[in-house]
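A.B. asks: model this:
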Amino acid sequence: MALASKTGVHPSTDQLARMLEALSLASQPPERPGRLTELVQPSGFEALAGITPAASDRPSSMRRHSAPAPGAAGPRLVTSAPSQPQPAPAGTHRHSGDERRQAAEALRREKALSAARSKAEKRIQAAERELAHAREAFGRAERALEEARGAVEEAERKLATARADRVLSSPHV
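C.D. replies: Predicted structure coming up:
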């Protein structure tokens, strides 16, 4: 839609959806492969998609058993406004090949960006898990360091006490 807007064409999402549905149901592509320059409309019974019959003025009992009165209109079909094709602005057909390539390139870039975003999200989640594990290990290491410092201090006190006892028990004192 962004490429279409750049060229002054503003198809509605309903028109694009109907066009994609028409293309998926078509036995042959309406144009050579590439970018479409006009809205494609369904043919055959697919063209009736989105059309609802209008209510009749006659009672239902008369509708089933009687033929229409001479000169009376037959069943009417009512279409919703968004499903009506919009004429393409003048001059939009000149660059159809370029527009098709640009639309295909934009779609390719959008898919590549989506894939890159998904990959980046997975990498972020993995890095967050790794960080959490590293923080846990760091906490355990800090606690072990504090225990080791306490053990060194206790050993130094015992050594000082033992040296003091040795000095006191020495015959020279």
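A.B. asks: could you say what helices and strands the helix or strand hosting residue 167 packs with?
C.D. replies: Element membership for residue 167 (DSSP states H and E) is helix 96-168. Counting contacts by 3 or more Cβ pairs under 8 Å, 6 or more residues apart in numbering; DSSP states H and E, helix 96-168 is packed against helix 2-6. In this view, the C-beta of every residue, glycine as well, is placed from N, C-alpha and C.
A.B. asks: pLDDT averaged over the helix it packs on, what's the number?
C.D. replies: Mean pLDDT, helix 2-6: 69.
A.B. asks: cool, stretch 152-159 as well?
C.D. replies: Averaging pLDDT along stretch 152-159 gives 96.
A.B. asks: return it as PDB; C-alpha atoms alone will do.
C.D. replies: Only the C-alpha atoms of stretch 152-159 are listed here, as PDB (Å, rounded to 0.1, in the frame of the first residue of the first chain):
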ATOM      1  CA  VAL A 152      41.500 -16.500  56.600                       C
ATOM      2  CA  GLU A 153      40.700 -14.100  59.500                       C
ATOM      3  CA  GLU A 154      39.900 -17.000  61.800                       C
ATOM      4  CA  ALA A 155      43.100 -18.800  60.800                       C
ATOM      5  CA  GLU A 156      45.100 -15.600  61.300                       C
ATOM      6  CA  ARG A 157      43.600 -15.200  64.900                       C
ATOM      7  CA  LYS A 158      44.500 -18.900  65.700                       C
ATOM      8  CA  LEU A 159      48.000 -18.400  64.400                       C
END
